[in-house]
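J.: Structure for this input, please:
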Amino acid sequence: MPDVSRETVTLLLQVAFLVGAVTDGLAVIPMLSRRIGAALFGGDSARNNIELRIAWGIGAALMAGWTLLLLWGAASPIERREILLLTVFPVISGIVFATVIAARRGVVLVSRIMPLWIHLAAVSLFYITVYILSIPFAP
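T.: Prediction:
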């Protein structure tokens, strides 16, 4: 294990929490805007499916809540570092699983979802690495 100071680990944890908060905060936008969602992931933005809009609204509320949770984690990063693991398992892994199913069923093109998968993989790797680095400083 590399020799990393408490201050460095605290900074890395704060960065991790803030990266997640920005990611989740930005994810709310296509969830609430059919036009932006269609531009990013494909589909027909003119199609008004009330059931789908309700599901997206619920998802947006949960994503906004997770954004606030990650900001809360940044305020006491070492004490709240487990939130990063909860973000990877089940949140990120659940998003990846759902989008893999969507891609396999032809709901979204793999080419449109691939940037999201790459981003989520990088964030997950960062979260797990920082969490491991923080173990010696856990209360």
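J.: for this structure, what are the low-confidence residue spans?
T.: For the chain, the stretches flagged by pLDDT under 70 are 1-2.
J.: redo that, cut-off 80
T.: For the chain, applying pLDDT under 80 flags the ranges 1-2, 44-48.
J.: can you pull out the strands in the chain?
T.: For the chain, no strands are identified by DSSP state E.
J.: residue boundaries of the helices in it?
T.: Ranges of helices in the chain, per DSSP state H, are 6-32, 34-41, 50-75, 82-86, 93-104, 110-134.
J.: Dump the ones you listed into JSON lines; add mean neighbour count as well.
T.: Any C-beta I mention is one placed from the backbone N, CA and C, and that applies to glycine too. Converted to JSON lines, the helices of the chain look like this (neighbours: other CB atoms under 10 Å):
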{"stretch": "helix 6-32", "mean neighbour count": "17"}
{"stretch": "helix 34-41", "mean neighbour count": "15"}
{"stretch": "helix 50-75", "mean neighbour count": "15"}
{"stretch": "helix 82-86", "mean neighbour count": "17"}
{"stretch": "helix 93-104", "mean neighbour count": "14"}
{"stretch": "helix 110-134", "mean neighbour count": "15"}
